[in-house]
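> what follows is a predicted protein model with its sequence.
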Amino acid sequence: MQKNILITGGSSGIGEGLARHFYDKGWGVLITGRNKERLSKLASEMPGLHVLEYDSLKEDQEQPLIQFIRQTWNGKLDVLVNNAGHVALTPIQAINRVELETMYKTHLIAPSLLASGCIEFLTASKGQIINVSSSVGIKPSSQLSAYGSAKAGMNMLTKIWALELALLGIRVNSIAPGPTDTPVLANAGLPPDVVQVIHDSERATIPLQRRGSVEDIVVNTALLIDSGSTWVTGVVLPVDGGISIT
């Protein structure tokens with residue numbers, strides 16, 4: 001029987017990489033994003049891929065996704081990947097309510113509401129939840145207090161959900177990427193020269209001497225999802241070239 005996966009923030013970067021990986025495996029794949037043009041492009045490249053617009057900052061955005069699973073997939077969902085994210089570099093002196101609300105809605109509130117709405121499906125499939133966190137949620141990084149605290153909160157959600165849902169047969173794990181070659185910084189509005197400075201600075205602090213690739217994250221996330229990992233739950237797995245241990 002076909003397996004189905006829902007990936008939020010699936011129109012670029014890690015989310016897109018995961019979508020392509022599981023699409024190639026023959027899974028049913030639903031991705032979300034805010035960029036209509038990008039979603040349409042991916043749908044044209046991968047016939048049968050399902051796409052829905054989704055904005056984690058707006059109320060009740062999870063409802064169309066839950067309705068899709070119920071109606072199109074007859075309630076069958078095997079994996080939920082909470083990947084939608086937002087990052088901004090801001091010193092504490094300049095932080096504001098809008099930025100804090102954006103971070104916490106994106107990384108804590110929206111994933112919680114979506115996960116809650118999917119529990120009935122995941123219970124039926126003995127499925128799993130993957131939260132895409134960050135090494136910044138493990139190791140503090142300057143000017144990322146909002147982002148880092150949101151990702152640290154996501155890591156704690158992972159552990160608590162794993163405890164709560166174990167008796168339902170649902171596993172919950174988190175992948176914590178380090179500096180990875182995705183468009184996240186550019187999408188945050190940083191100019192190319194600033195992005196390059198950040199990339200160079202990060203590379204110098206990574207024990208394995210390189211930034212990660214999307215494939216690095218996809219391969220390790222797939223290992224958590226694979227049926228061979230059925231005794232693994234409540235794990236926050238750093239995939240970061242060793243940066244979180246420096």
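Arrived safely, thanks for sending. Bear in mind that the values here come from a model prediction, so they are computed numbers and not experimental data.

> can you give me the neighbour number for the nearest residue to Leu163 once chain neighbours are set aside?
Leaving aside its sequence neighbours, Leu163 sits nearest to Gly234 (Cβ to Cβ, 6 or more residues apart in numbering; 6.9 Å). C-betas here are computed from N, CA, C, even on glycine. Neighbourhood size, Gly234 [other Cβ atoms under 10 Å]: 16.

> Thr180 against Ile14, yeah?
Yes: counting by Cβ atoms under 8 Å, Thr180 does reach Ile14; the two are 6.9 Å apart.

> what about the two, which has more around it?
When Thr180 and Ile14 are compared for neighbours, Ile14 comes out ahead with 26 against 22, by other Cβ under 10 Å.

> I'd like to know how far the spatially most central residue of the chain sits from Ala110.
Nearest residue to the geometric centre of the chain (Cα atoms, centre = their mean): Asn83, 1.6 Å. Counting by Cβ to Cβ, to the nearest Å, the gap from Asn83 to Ala110 is 11 Å.

> now do Lys139
Distance, Lys139 to Ala110, by Cβ to Cβ: 24 Å.

> look at these two and report which has more neighbours.
Shown here are Lys139 and Ala110; by other Cβ under 10 Å, Ala110 has more neighbours (22 against 17).

> and the residue nearest to the centre of the chain, how close does it get to Ala166?
With Cβ to Cβ as the criterion, Asn83 and Ala166 are 23 Å apart.

> just Arg38 next, same as before
With Cβ to Cβ as the criterion, Arg38 and Ala166 are 36 Å apart.

> again with Asn4
22 Å.

> so which of the two has more stuff around it?
Remark: of Asn4 and Ala166, Asn4 carries more neighbours, 24 against 13, as counted by other Cβ under 10 Å.

> wait, that one sits on Leu30?
Yes: applying Cβ under 8 Å as the test, Asn4 and Leu30 come out as touching, 7.3 Å apart.

> so what sits against both of these two?
Residues touching both Asn4 and Leu30 (Cβ atoms under 8 Å, 6 or more residues apart in numbering): Ile69.

> tell me where the chain has strands.
Assigned by DSSP state E, the strands in the chain fall at 4-7, 28-33, 50-53, 79-82, 128-132, 171-177, 236-239.

> most distant residue from the middle of this protein?
Distance-from-mean max, the chain, by Cα atoms, centre = their mean: Gln93 at 28.4 Å.

> list the buried residues of the one helix or strand in the chain whose mean pLDDT sits lowest.
Lowest mean confidence among the helices and strands of the chain (mean pLDDT, DSSP states H and E): helix 184-187, at a mean of 70. Within helix 184-187, the residues scored as buried using 16 or more other Cβ atoms under 10 Å are 184-185.

> what's it packed up against?
helix 192-205 (3 or more Cβ pairs under 8 Å, 6 or more residues apart in numbering; DSSP states H and E).
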